[in-house]
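Chemist: A structural model of the following input is requested.
(one chain, ligands or ions: 1)
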Amino acid sequence: MSYTEIVESYKSGELEADIINSCPLCQKKSHLLIKGKEHLDAVEHYLKHRHAFVQDLPFDAPVREFIKSGFCHDCMDMIFGKTSDEIKYVQEGK
Ligand SMILES: [Zn+2]
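Modeler: A predicted model of the protein is given here:
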C-alpha cells in the first residue's frame with residue numbers, strides 16, 4: 001500500500017501542490033509537482049474516492065500511474081517500461 005502526502009503552496013500566486021508518494025516496492029519517496037486548483041482537486045477527488053477512474057485524471061498515463069500506485073521512477077520504468085520525467089525523487093535529509 002502506498003501512502004500519499006500532499007503539500008500545497010502558492011509560490012507564484014498560483015496554487016502548486018507536491019504529491020509525495022513512498023514507493024510500495026522500494027520505499028523511496030518521490031514527488032510530482034502539479035499546478036492549478038483544478039488539477040489538485042482532481043487528484044484529491046481521486047484519492048478520496050478509490051472507486052474513481054484513474055483515467056479521468058487530467059494527466060499523462062505515467063503520471064496517472066504514479067498517483068494511483070506511488071511507484072517511483074525506477075520501479076515504474078521496470079514494470080511499465082516507461083515513466084515520466086515529471087516524477088522526481090525526494091531528497092531525504094535536505
Ligand atoms: Zn521504487
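
Chemist: Would you mind measuring from the most centrally placed residue in the chain to Ser12?
Modeler: Centre of the chain computed as the mean C-alpha position; nearest residue by CA atoms, centre = their mean is Ile67, 4.0 Å away. The gap separating Ile67 from Ser12 is 23 Å, by CB to CB, to the nearest Å. Backbone N, C-alpha and C define where each C-beta goes, glycine included.

Chemist: helix/strand/coil for the residue nearest to the centre of the chain?
Modeler: Classification of Ile67 using DSSP: H, G, I helix; E, B strand; the rest coil returns helix.

Chemist: My read is that it contacts Tyr46, right?
Modeler: Yes. Using CB atoms under 8 Å, Ile67 is in contact with Tyr46, at 6.5 Å.

Chemist: For the two, list the residues in contact with both.
Modeler: Both Ile67 and Tyr46 are in contact with 54, 57, where contact means CB atoms under 8 Å, 6 or more residues apart in numbering.

Chemist: which residues sit in contact with the spatially closest residue to Gly36 that is not a sequence neighbour?
Modeler: Nearest residue to Gly36, sequence neighbours excluded (CB to CB, 6 or more residues apart in numbering): Leu15, at 6.1 Å. Each residue near Leu15 by CB under 8 Å, 6+ apart is listed here: 8-9, 35-37, 40.
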